[in-house]
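Peer 1: need a structure here:
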Amino acid sequence: MCFQNLPIDFDAQGNARLKEGIGDPYAYQTRDLDRSKVEKLLASNGHVKDVDFDPVTRVAGALAFHTVVDLEHRNVLEAHSIGTLFRGYEVILKGRDPRDAMFISSRVCGVCGGVHSVASSLAMEMAFGIGVPPMGGALRNIQLALDFQVDNPVHLYLLAGPDFSQVVVERTNPSLWERAKKTETRHGDIHGFRTVAELMTAFNPLTGKLYLEGLHMTRPPKEAYAILYGKYPHPQTVVPGGLSTTVSLQVLNETQLRILRTLDYAKRGVFIWDEITQFFYDADPRYKEVGTRAKNLIDAGMWDDPFAYDGTYAGAPEWGERRWATPGVIIGGKLVTTNLHHLNMGMEEFVEHSYYEGWEDDGVPYRTDPAGNPISPNHPWNKETKPRSDKRSWKDRYTWSTAARWDRRAIEAGAYARLWTTAAAGKMPHNRFLEATGTSVKIDTPQTAALPAMEFEWKIPETWNAFERNRARAYHIVYSLMVGYENVQIAFDLMGQGENKAATMTEFRVPRDERVGVGFWGAGRGFLTHHLVMDKGVLTNYQIVTPSTFNASPADPFGQPGPYEEAVMNTPILEEFESGESFTGIDIFRAIRSFDPCMPCTVHVANGRNMIIQDATTCACGAA
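Peer 2: Sure, this is the predicted structure:
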């Protein structure tokens, strides 16, 4: 039984149903947020301070963060994740032709627009009742493998990497820097750095070798992406039923060449992040607590089997488990389901602490999904986006992000969740280069320009923290490249058989009756769904749940903090500082950035009355 908090039971045949004898099964009582202890400490202790990080921004939006920090006992007493910008895509899409959603929703993100185009197409295929030919499925898989070769390296080497650079570590933890100068690396013969200090220097923003290479190595996947999909980052060839593109042997050869070139770079990345992680663990075991939180993770799976995907909701449990990344939910470190119906049934969004009106007075349009499974009044198919303007209050509303939950639990999304659910499920049907063992994912890679054939194994970690998120993301780059590489081989085989149709040839029209659909997919940062409702040929509701909807969420009505908030409150302050004025918050930054919130250029830190402007591009946390 995968649900512990929702009022859902399963009969002997495995069919879901609401628990009997409950008048209003989804009703709940909102728990007040009590700040009285924190307010008392702030008033009576000079070492307890408000520290505001504003903004800590993502590429596709603005993120600020409020904390109350005890600088004497070196811990975080309170944390609030603050989405500072309302963008309104869900409102913009209402009343439009559903086919507009592919192009409008891709603008949700300026890096990974393609994932939204595909998720939107999947939702339309379900609503329209159309499938995708095998070549179209293979090309989609290649597209998203390429997408992640921009997203994940940018995070590791341009956004999170500088937090581990010489300019940051030398300022915030001088003793660590002295240790790094004396510590030899274990894999210098592969990545080329003799000491950990040399490795940290390579992370220096704007000048470091790894920083500059991280920027340069986004070019090959972008080139391949543009060849197949028209342009990057907002593809023009993604359509319901496949892709409106013509593929040739030359195009596939050019794509394969760029995948192999990127793979050579990705192999070295695994050893680099293994080095960084182990160095910090050996220097001080308390680094294992930075960014730690409950092992609750979710992923919708992705990369469909081109020969199994039919686009139907009824068939989702079967075609979902045929994916190269298995959908699933991890609770307390244990896999509780891989069934896309269960994943969908457990989804809810709450707005008690967000700048939105509730929709409880609008009725409940859908009490079940198309398969007859019960869903909540707070499910995306029932949710309405109703922005409201409110004064910020830590006891009430403080963010534009909603509180997305599964089975009423705070749960995180990420590229690492994709690895975890796939490893734990052990269902990987595509074992040419990949194997899911139940505790790990094994990845076989071919020989590349500078490195021999290698086998990598990402193992489900014993501890879960900021360092393991970053390390897993390095493995995910190799994993997704090999998914892309295998799908190129599938495309070659299909072309050899004369199967080169990239989109459905079945004529279809936009339905005029009421329909629902959902695109279960993924982004570079993890879980992604697009839920649509349409009637009379236009969209009547459209809801997008991104990785950050889970990760950046505020407290929910049950009093549970969001994943960023929980991770920060569990983070010890290990930074070396003499006074509150010299405190930079680097451990807090590492905790938040490990989720890949994708900040742009500048971070402002407000400490009491003082505002410290910190340029994340040149120093990541204020180090000069």
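Peer 1: which parts of stretch 422-431 are buried?
Peer 2: Residues 422-428, 430 are the ones in stretch 422-431 that count as buried (16 or more other C-beta atoms under 10 Å). Where C-beta positions appear, they are placed from N, C-alpha and C, glycine not excepted.
Peer 1: ugh, wrong one, stretch 446-463
Peer 2: In stretch 446-463, counting by 16+ other C-beta under 10 Å, buried: 448, 451, 454, 456, 458, 460-461.
Peer 1: Over to stretch 198-209?
Peer 2: Result for stretch 198-209 [16+ other C-beta under 10 Å]: buried residues 198-205, 208-209.
Peer 1: which residues are in contact with it?
Peer 2: Outside stretch 198-209, the residues within contact range by C-beta atoms under 8 Å, 6 or more residues apart in numbering are 157-158, 161-162, 164-167, 169, 177, 180, 185, 191, 193, 210-212, 272, 275-276, 616-620.
Peer 1: Over to it now: how far is its first residue from its last?
Peer 2: 10 Å (C-alpha to C-alpha, to the nearest Å).
Peer 1: Same question for stretch 287-295.
Peer 2: Counting by C-alpha to C-alpha, you get 17 Å between the two ends of stretch 287-295.
Peer 1: and of the buried residues of stretch 422-431, the nearest to residue 597?
Peer 2: Closest to residue 597 out of these is residue 422 (23.7 Å), distances taken as C-beta to C-beta.
Peer 1: who's in contact with that closest one?
Peer 2: 324-326, 328, 428, 436, 441.
Peer 1: which stretch of helix or strand covers it?
Peer 2: Assigned by DSSP states H and E, residue 422 falls within helix 415-425.
Peer 1: starting at the chain centroid, how far to that helix?
Peer 2: Centre-to-centre, helix 415-425 and its host chain are 12 Å apart (C-alpha atoms, centre = their mean, to the nearest Å).
Peer 1: Follow the chain on from it and name the next helix or strand.
Peer 2: strand 434-436.
Peer 1: what lines up beside that next one in the sheet?
Peer 2: When pairing is defined by DSSP bridges, strand 434-436 lines up against strand 440-445 (antiparallel).
Peer 1: what about dumping the CA coordinates of the partner strand to CSV?
Peer 2: Below are the C-alpha coordinates for strand 440-445, written out as CSV (Å, rounded to 0.1, in the frame of the first residue of the first chain):
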residue,chain,number,x,y,z
SER,A,440,22.4,1.0,-8.1
VAL,A,441,22.5,1.9,-11.8
LYS,A,442,25.4,0.5,-13.8
ILE,A,443,26.4,2.5,-16.9
ASP,A,444,28.6,1.0,-19.6
THR,A,445,30.3,3.6,-21.8
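Peer 1: Pull the most distant pair out of the buried residues of stretch 422-431.
Peer 2: Across the buried residues of stretch 422-431, the longest distance by C-beta to C-beta is 17.0 Å; it joins 424 and 430.
Peer 1: Distance from stretch 424-442 to the middle of the chain?
Peer 2: Computed by C-alpha atoms, centre = their mean, the chain-centroid distance of stretch 424-442 equals 21 Å.
Peer 1: Could you shift the numbering so residue one becomes 33, and keep it that way?
Peer 2: Done: numbering now begins at 33, and the last item shifts to stretch 456-474.
Peer 1: outside of that stretch, which residues touch it?
Peer 2: Contacts for stretch 456-474 (C-beta under 8 Å, 6+ apart): 337, 353-354, 356, 358, 360, 362, 366-367, 370, 451, 454-455, 475-477, 487-492, 507, 511, 514-515, 517-518, 521.
Peer 1: Stretch 528-536 too?
Peer 2: With contact meaning C-beta under 8 Å, 6+ apart, stretch 528-536 is reached by 162-168, 171, 271, 273-279, 526.
Peer 1: quick one, phi psi at residue 611?
Peer 2: Dihedral angles of residue 611 (phi, psi; degrees, to the nearest 10) stand at phi -150, psi 170.
Peer 1: repeat for residue 100
Peer 2: Dihedral angles (degrees, to the nearest 10) for residue 100: phi -120, psi 120.
Peer 1: which intervals of this structure have sub-threshold pLDDT?
Peer 2: Along the chain, the parts satisfying pLDDT under 70 run over 87, 89-93, 142, 630-656.
Peer 1: for the lengthiest helix in it, which positions count as buried?
Peer 2: Longest helix of the chain, by residue count under DSSP state H: helix 281-315. Buried residues in helix 281-315, counting neighbours by 16+ other C-beta under 10 Å, are found at 283-284, 287-288, 290-295, 297-312, 315.
Peer 1: Could you report the neighbour count for residue 538?
Peer 2: 10 (other C-beta atoms under 10 Å).
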